[in-house]
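K.L.:
Sequence and predicted structure below; questions after.
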Amino acid sequence: MSSEPTYDYVIVGGGSAGCVLANRLSADPSTSVLVLEAGRSDLRIDPFIHMPAALPFPIGSRLYDWRYHSDPEPAMGGRRVFHGRGKLLGGSSSINGMIFQRGNPLDYEGWAQGKDMDAWDYAHCLPYFKRMETCLAGADEWRGGSGPLVLERGAATNPLFGAFLEAAQQAGYPLTDDVNGYRQEGFARFDRNIHRGRRLSAARAYLHPVRGRANLSVETLTHATRIVFEGDRAVGVDYLRAGRLHRSVRAGHVISCGGAINTPQLLQLSGVGAADLLQGLGIGVVADLSGVGANLQDHLEVYVQHASKLPVSIAPGLRWRHRPRIGAEWLFLRRGPGATNHFEAGGFVRTNDEVDYPNLMFHFLPIAIRYDGTQPAGEHGYQVHIGPMYSDVRGSVTIRSTDPKQHPSLRFNYLSTERDRGEWVECVQVARDVLAQPAFAAFDAGELSPGPDVQTDAEVLDWVARDAETAYHPSCTAKMGADDMAVLDPATLGVHGLRGLSVVDASAMPSITNGNIYAPVMMLAEKAADLIAGNTPLPASDAPFYRHRDASAPYPPGDSRNGSGERR
């Protein structure tokens, strides 16, 4: 490979994490950085990417999406569950729902319980969350005010949002000022990565502002096929240009940012993974790491939908005769129904008092509709997206052959454990309870989904098996840690036993967080940039956070809004 071009860093994947790393690592003008993205560019003129309300269009389209499917899921009647993953600059941040959720602080306290994971507790992660964001609701002890990712809070002015937030209180749940601040538990308006009426993907926030740097190169339509090793050191990447031209590049450091599906696939194709799998396919073993592709986690969700007696939902905007007006209003004024993702409020609750912190997330939508745009009978309606946040099922990602173009085997094992099934019954009960509160009386024309015929635990589980969809949060397939299944060194995010190779994406998470995973991935990438570059990490924060078992106040102990209490 001595005649091939050489870069200090080759980043495989121009998605959420890859864009962060491209920005931060190329800030040092003495380093050279190359980004290889299998998909195309996120064209500035493409409304399907940049119009927030157009999010159903790129999901499932071959122009934007890898279009994965799971293997037949045994506990779901053999269904193959569709999994959309972004295949363009910005990755899934260019096609996702734009909901910005950090997860609960206790998620990161849980990460830190693992061996050698001390520096991944909330105190050490919070400074990187703050560094990456500009929270327009206001910077404070928990929120950033000068980062690349501008976050706008949902307006939630539709009367259905008001009914939803009131119903949550009637059901016995609190409101909170900021689910990404001191207290996650409760209901509130949500932050979104939308700014001035446009999707603010990782590419727009991090990559495009620095594309002019002389030491940064970005190549699209470049599908990485193999990481090249010399002994235990990664020295380069082989890839296909435009699907057919074989190319190679030499690297001082290779960083895989392909996500929880592409990253284990690339590692396995390169000889990094479980030895028996690799040898069975005739792949030489570079590193026998059985955790590569294991520990797959995700959030499964259902839609609990109601018809509305009053014509207040956003359904009319879907009529073809209204779309040109909505499109023009967005294109020229960056406002109107096209300028929002419509996921403007929701909440986090515990399904029972034995749970230490929220294990259930609500997304409320003032329309009854599925991700693919299909609607139930009738027109006006509303829905909540609901599902367990901490399922104990574990799946796997494994290559089927040595062909890099063949999608790997994805087995999620949804609904396969007693605990998971029990939490699903609780989830649906909680959602139904909220939607049955008096606040919805003026609107409620009856439950559309699952419908009044679904009542018993068995009927609920049968409906979930038939109807549930992924929330698009695959993660944890090359986790950091020091146990037998760990793939990455927590101190560097380097692959155990190898030199010159790191993984920075959702696969590095040891366990899934409570909520959408875009924000945790971006935080992880921000921190990884310092670890890989050898920079001094940001100092730990001493900001407190809410724990329901030892702090009943809605604000930090000692805050004047509580009236009493000691600050801890």
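P.N.:
All right, it came through fine.
K.L.:
how about the helices of this protein, start to end?
P.N.:
16-25, 47-50, 105-111, 122-132, 159-170, 202, 259-269, 275-280, 323-333, 418-435, 457-467, 518-533 (DSSP state H).
K.L.:
out of the ones you listed, which comes closest to Ser70?
P.N.:
Ser70 lies closest, by CB to CB, to one member of the helices of the chain: helix 259-269, at 10.5 Å. In short, each C-beta sits where N, CA and C put it, glycine included.
K.L.:
quick check: angle from the closest one to helix 16-25?
P.N.:
Inter-element angle recorded for helix 259-269 and helix 16-25: 80 degrees (by axes from the mean of the first three to the mean of the last three CA atoms, to 10 degrees).
K.L.:
and helix 259-269, how far from the chain's centre?
P.N.:
17 Å (CA atoms, centre = their mean, to the nearest Å).
K.L.:
and of the helices of the chain, who's closest to Phe343?
P.N.:
Nearest to Phe343 among the helices of the chain is helix 159-170; the distance by CB to CB comes to 10.5 Å.
K.L.:
winner for burial among the helices of the chain?
P.N.:
helix 202 (a mean of 33; mean count of other CB atoms under 10 Å).
K.L.:
which strand of the protein spans the most residues?
P.N.:
Longest strand of the chain, by residue count under DSSP state E: strand 245-256.
K.L.:
what residues does that strand touch?
P.N.:
Outside of strand 245-256, the residues within contact range by CB atoms under 8 Å, 6 or more residues apart in numbering are 1-2, 4-13, 18, 21, 34, 36, 222, 227-228, 234-241, 262-263, 266-267, 500-505, 532.
K.L.:
Can you add mean pLDDT and distance to Ala486 and give the helices of the chain back as TSV?
P.N.:
Listed next are the helices of the chain as TSV, based on pLDDT from 0 to 100; distance: least, CB to CB, whole Å:
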stretch	mean pLDDT	distance to Ala486
helix 16-25	98	19
helix 47-50	94	36
helix 105-111	97	12
helix 122-132	98	18
helix 159-170	98	39
helix 202	98	26
helix 259-269	98	14
helix 275-280	98	16
helix 323-333	89	46
helix 418-435	97	24
helix 457-467	97	32
helix 518-533	98	15
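K.L.:
burial measure for Ala442, as a count.
P.N.:
12 (other CB atoms under 10 Å).
K.L.:
Settle this for me: it is touching Leu310, isn't it.
P.N.:
Yes: counting by CB atoms under 8 Å, Leu310 is a contact partner of Ala442 at 6.6 Å.
K.L.:
so where's the stretch 451-568 of the chain uncertain?
P.N.:
By pLDDT under 70, the weakly predicted segments of the stretch 451-568 of the chain are 549-568.
K.L.:
got the residue ranges for the strands in it?
P.N.:
469-470, 501-503 (DSSP state E, counting those that start in this stretch).
K.L.:
I'd like those laid out as JSON lines, including distance to Arg67 and mean neighbour count.
P.N.:
JSON lines is the format used below for these (distance: least, CB to CB, whole Å; neighbours: other CB atoms under 10 Å):
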{"stretch": "strand 469-470", "distance to Arg67": "13", "mean neighbour count": "18"}
{"stretch": "strand 501-503", "distance to Arg67": "23", "mean neighbour count": "27"}
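K.L.:
okay if I get the ones you listed as JSON lines plus distance to Glu423?
P.N.:
Conversion of the strands of the stretch 451-568 of the chain to JSON lines gives the following (distance: least, CB to CB, whole Å):
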{"stretch": "strand 469-470", "distance to Glu423": "16"}
{"stretch": "strand 501-503", "distance to Glu423": "30"}
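K.L.:
Nearest spatial neighbour of Ser201, chain-adjacent residues omitted?
P.N.:
Nearest residue to Ser201 in three dimensions, chain neighbours excluded: Gly90, at 3.7 Å (CB to CB, 6 or more residues apart in numbering).
K.L.:
pLDDT score for that neighbour?
P.N.:
Here, the pLDDT recorded for Gly90 equals 98.
K.L.:
Report the contact partners of it.
P.N.:
With contact taken as CB under 8 Å, 6+ apart, Gly90 is in contact with 14-16, 19, 42, 49, 201-204, 207.
K.L.:
re earlier: would you list the helices of the chain in a markdown table and tack on distance to Pro404?
P.N.:
Below are the helices of the chain laid out as a markdown table (distance: least, CB to CB, whole Å):
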| stretch | distance to Pro404 |
| --- | --- |
| helix 16-25 | 18 |
| helix 47-50 | 26 |
| helix 105-111 | 31 |
| helix 122-132 | 31 |
| helix 159-170 | 45 |
| helix 202 | 24 |
| helix 259-269 | 6 |
| helix 275-280 | 14 |
| helix 323-333 | 38 |
| helix 418-435 | 33 |
| helix 457-467 | 33 |
| helix 518-533 | 23 |
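K.L.:
Out of those helices, which gets nearest to Met98?
P.N.:
Across the helices of the chain, Met98 has its closest neighbour in helix 518-533 (8.3 Å, CB to CB).
K.L.:
Centre of the chain to the closest one, how far?
P.N.:
14 Å.
K.L.:
could I get it in PDB with only the CA atoms?
P.N.:
Only the C-alpha atoms of helix 518-533 are listed here, as PDB (Å, rounded to 0.1, in the frame of the first residue of the first chain):
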ATOM      1  CA  TYR A 518     -28.600  10.500  18.700                       C
ATOM      2  CA  ALA A 519     -27.500  12.700  21.600                       C
ATOM      3  CA  PRO A 520     -25.600  10.000  23.500                       C
ATOM      4  CA  VAL A 521     -23.800   9.100  20.200                       C
ATOM      5  CA  MET A 522     -22.800  12.700  19.600                       C
ATOM      6  CA  MET A 523     -21.600  13.100  23.200                       C
ATOM      7  CA  LEU A 524     -19.600   9.900  22.900                       C
ATOM      8  CA  ALA A 525     -18.000  11.200  19.700                       C
ATOM      9  CA  GLU A 526     -17.100  14.500  21.300                       C
ATOM     10  CA  LYS A 527     -15.300  12.800  24.100                       C
ATOM     11  CA  ALA A 528     -13.700  10.200  21.800                       C
ATOM     12  CA  ALA A 529     -12.200  13.100  19.800                       C
ATOM     13  CA  ASP A 530     -10.200  14.200  22.900                       C
ATOM     14  CA  LEU A 531      -9.200  10.600  23.700                       C
ATOM     15  CA  ILE A 532      -8.000   9.800  20.300                       C
ATOM     16  CA  ALA A 533      -6.200  13.100  19.800                       C
END
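K.L.:
so what does that helix touch, helix or strand wise?
P.N.:
Judged by 3 or more CB pairs under 8 Å, 6 or more residues apart in numbering; DSSP states H and E, helix 518-533 is in contact with helix 16-25, helix 122-132.
K.L.:
Pull the residues that contact stretch 134-146.
P.N.:
Residues external to stretch 134-146 that are found in contact with it (CB under 8 Å, 6+ apart): 126, 129-133, 147-153, 178, 180-182, 191, 541, 543.
K.L.:
what are the phi and psi values for Tyr414?
P.N.:
Main-chain torsions, Tyr414, degrees, to the nearest 10: phi -50, psi 140.
K.L.:
distance of it from Ala519?
P.N.:
Distance, Tyr414 to Ala519, by CB to CB, to the nearest Å: 24 Å.
K.L.:
And for Phe229?
P.N.:
Applying CB to CB to Phe229 and Ala519 gives a distance of 33 Å.
K.L.:
Same check on Glu166?
P.N.:
According to CB to CB, Glu166 stands 27 Å off from Ala519.
K.L.:
Next: Pro209.
P.N.:
Counting by CB to CB, the separation of Pro209 from Ala519 is 20 Å.
K.L.:
same question, Asn23
P.N.:
Asn23 sits at a distance of 17 Å from Ala519 (criterion: CB to CB).
K.L.:
again with Ala442
P.N.:
Distance from Ala442 to Ala519, by CB to CB: 35 Å.
K.L.:
Beta-bridge partners for Ile11, please?
P.N.:
Judged by DSSP bridges, the bridge partners of Ile11 are Val35, Ile255.
K.L.:
which residues does it contact?
P.N.:
Here Ile11 is in contact with 18, 21-22, 25, 33-36, 255, 257 (criterion: CB under 8 Å, 6+ apart).
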